[in-house]
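>>> Sequence first, then the predicted structure, then my questions.
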Amino acid sequence: MKILIRILKYLAPYKGQLVFVYAALFIGMGFQLLIPSLLANAIDHGILERDLGYLTRMTLFIIGSAIAQGIFMYIRSYGTNALAER
């Protein structure tokens with residue numbers, strides 16, 4: 001427990017950056033968890049029901065979610081590296 005307190009004291013000046021990095025991490029993870037659900041909906045409703053419009057929308061949502069996930073993971077990676085170098 002003493003080690004954790006020492007680490008938290010060290011990180012206190014960087015509290016804002018740390019919160020930002022963790023927010024980016026959790027948002028990126030949310031997009032990562034969203035993609036399989038979108039893919040399941042695309043298969044269940046788009047392919048099985050032969051609804052090309054729905055399948056096209058789901059495809060665009062999957063691509064957008066993958067791009068958003070990449071952006072937030074980049075922000076997280078950049079933020080953790082910036083904090084580690086201080």
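That came through fine.

>>> what about the helices in the chain?
2-11, 15-41, 52-84 (DSSP state H).

>>> contacts for the first one?
Counting contacts by Cβ atoms under 8 Å, 6 or more residues apart in numbering, the residues outside helix 2-11 that touch it are L18. From N, CA and C alone the C-beta is placed, and that goes for glycine too.

>>> Likewise for stretch 27-35?
62, 65-66, 68-69, 71-73, 75-76.

>>> List just the nearest of the residues you listed to D44.
Distance to D44 across the contacts of stretch 27-35 (Cβ to Cβ) is lowest for I62, with 13.9 Å.

>>> show me the residues around the closest one that make contact.
Neighbour list for I62: 35, 38-39, 42 [criterion: Cβ under 8 Å, 6+ apart].

>>> Of those residues, grab the buried ones for PyMOL.
In PyMOL, selecting the buried portion of the contacts of I62, with burial taken from 16 or more other Cβ atoms under 10 Å, looks like this:
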select buried, resi 38+39+42
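
>>> returning to that earlier point: from the contacts of stretch 27-35, pick the one nearest F20.
For those, the nearest to F20 is I75 (7.9 Å; Cβ to Cβ).

>>> And the pLDDT for the closest residue to the closest one other than its chain neighbours?
Leaving out its chain neighbours, the residue that sits closest to I75 by Cβ to Cβ, 6 or more residues apart in numbering is A24, at 4.2 Å. Confidence at A24, expressed as pLDDT, is 95.

>>> I'd say A24 and Q69 touch.
No: using Cβ atoms under 8 Å, A24 is not in contact with Q69; the gap is 10.6 Å.

>>> Check this protein and tell me which residue is nearest its centre.
Of all residues in the chain, the one closest to the mean position by Cα atoms, centre = their mean is G28, 0.4 Å from it.

>>> Now do the helix or strand bottoming out on mean pLDDT in the chain against helix 15-41, angle only.
Sorting the helices and strands of the chain by mean pLDDT, DSSP states H and E puts helix 2-11 at the bottom, at a mean of 86. If you take axes from the mean of the first three to the mean of the last three Cα atoms, to 10 degrees, helix 2-11 sits at 100 degrees to helix 15-41.
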